[in-house]
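Q: okay, sequence plus prediction incoming.
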Amino acid sequence: MTVRAVLRGEVMTAPSVVRRLVERFVLPAAPPEQKARLEQLTEREREVLALVAQGLSNGEIAARLFLGETTVKTHLGRVLGKLELRDRVQAVVFAYESGLVRVGA
């Protein structure tokens, strides 16, 4: 099948290559101010934010990171405060817009 496609002049590209090309050239880069805001967070706060953006609950995040649920709530509260966000919904939007997480990643 692939050989016939190439013989017809079609280009065959591995899905992983296509994904990298899309990420590099098609997806918009995060504005510098969002990247600067993201850098205010500790590594653990970025981890928690990324997991929130993936839809995990505080309990699920706690289990994944081997933390207490109260500790996760503390990290999330600091994330919201540092980034001046109202709630989890704004945190999720920020995580995607800043490039911390990507659709389908």
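A: Yep, it's here.
Q: what's the single longest helix in the chain?
A: helix 69-83 (DSSP state H).
Q: can you give me the buried ones in that one?
A: For helix 69-83, the neighbour count (16 or more other Cβ atoms under 10 Å) marks 71, 72, 75, 76, 78, 79, 80, 83 as buried. For every residue, glycine as well, the C-beta is placed using N, CA and C.
Q: which parts of this structure are helices?
A: Going by DSSP H, the chain shows helices at 2-7, 15-21, 32-38, 43-53, 58-65, 69-83, 88-97.
Q: in CSV: those, plus distance to residue 103 and mean pLDDT.
A: What follows is the helices of the chain, written out as CSV (distance: least, Cβ to Cβ, whole Å; pLDDT from 0 to 100):
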stretch, distance to residue 103, mean pLDDT
helix 2-7, 28, 61
helix 15-21, 11, 61
helix 32-38, 17, 79
helix 43-53, 10, 96
helix 58-65, 20, 96
helix 69-83, 20, 96
helix 88-97, 7, 90
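Q: need the winner for burial among the ones you listed.
A: Across those, averaging neighbours per residue (mean count of other Cβ atoms under 10 Å) puts helix 43-53 on top, at a mean of 19.
Q: once you drop chain neighbours, what's closest to residue 37?
A: Spatial nearest neighbour of residue 37, chain neighbours left out: residue 83 (5.6 Å); criterion: Cβ to Cβ, 6 or more residues apart in numbering.
Q: residues contacting that neighbour?
A: 37, 40, 41, 91, 94 (Cβ atoms under 8 Å, 6 or more residues apart in numbering).
Q: show the contacting residues for the nearest residue to residue 34 once chain neighbours are set aside.
A: Leaving out its chain neighbours, the residue that sits closest to residue 34 by Cβ to Cβ, 6+ apart is residue 98, at 4.2 Å. Residue 98 is in contact with 30, 34, 35, 37, 38, counting by Cβ under 8 Å, 6+ apart.
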